[in-house]
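Colleague: Predicted coordinates and the sequence they were generated for:
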Amino acid sequence: MDHETYDMVAARTFTVPLTGLNDYGSGPRTFTTRTRGGAVFVRTEINRENFGERMTGRELCTLVPADHGLVIDGALVDAAVVTIWRERATVDIATDRAAAAARYGTVPDRYVPVPPASTDLASLLYSLAKEGVEFAGVVRFLGDEHRVSGDLPPELVDAAVAERARLIAPAVGAPLSIHLSPGNGTGDSSTNFDHEPAWDPAPAPEQWVEELERHPRTEPFIAD
């Protein structure tokens, strides 16, 4: 895959489909693979919502099983290339963690995929959707503040606030927004760690400083 280099992949966020998940997002969490010419590849997508687990390119490289290649938006990356990328990503992540530990005091020992939505949020979304309740909106977070856009039941907003607190992780920070909707009739949530939400009015710079102090992030996780 000549047009994809490690640096390009490392800088991106990928969505990786998982198998074995039920309506509540629980169950075995294994990569979806495809086989071509006897070689096995892990399937990924770029910037595709509600497609699976979201992770950075570096993390993806470290999690791909040995002797597996990658499928990135339909293009194949051989297992030999992925092996080289895995080695680079492992070193890069270790270096970044060491810097984060020096600055913030603690970081995760290893990458842990973001867990599925908690039973409370997932079951509430499912119940509201099945009851035919009309709702759609986003809860945006900054520090201890949250704002709601759209039409969301109060109990769903409360569940989203609790979900944010559950997902806080050293070096990664806390979710900046959670989108909620009936989806395909079973309820849907999309959690954003990476991008600055659209605030109106825009937060003051010192509010972003407070957010970073409360929920430290390493450089790859600073919101765009």
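Modeller: Arrived safely. Residues are numbered from 1 along each chain as shown.
Colleague: When you work out contacts or count neighbours from here on, use the C-alpha atoms and nothing else.
Modeller: Fine.
Colleague: Could you list the low-confidence segments of the protein?
Modeller: The model of the chain has pLDDT under 70 over residues 1-4, 18-29, 47-53, 100-101, 103-119, 170-171, 219-221, 223-224.
Colleague: What sits closest to the residue nearest the centre of it if chain neighbours are left out?
Modeller: In the chain, the centroid-proximal residue (Cα atoms, centre = their mean) is residue 54; its distance is 3.7 Å. Excluding the flanking residues, the one nearest residue 54 by Cα to Cα, 6 or more residues apart in numbering is residue 15, at 4.5 Å.
Colleague: contacting residues around residue 61?
Modeller: 82, 85, 86, 89 (Cα atoms under 8 Å, 6 or more residues apart in numbering).
Colleague: same question but for residue 151, I mixed them up
Modeller: Contact analysis of residue 151 by Cα under 8 Å, 6+ apart lists 135, 136, 137.
Colleague: Same list (the contacts of residue 61) but as a markdown table, adding neighbour count, secondary structure and distance to residue 165.
Modeller: Output for the contacts of residue 61, formatted as a markdown table (neighbours: other Cα atoms under 10 Å; DSSP: H, G, I helix; E, B strand; the rest coil; distance: Cα to Cα, whole Å):
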| residue | neighbour count | secondary structure | distance to residue 165 |
| --- | --- | --- | --- |
| 82 | 22 | helix | 35 |
| 85 | 21 | helix | 33 |
| 86 | 22 | helix | 31 |
| 89 | 21 | helix | 29 |
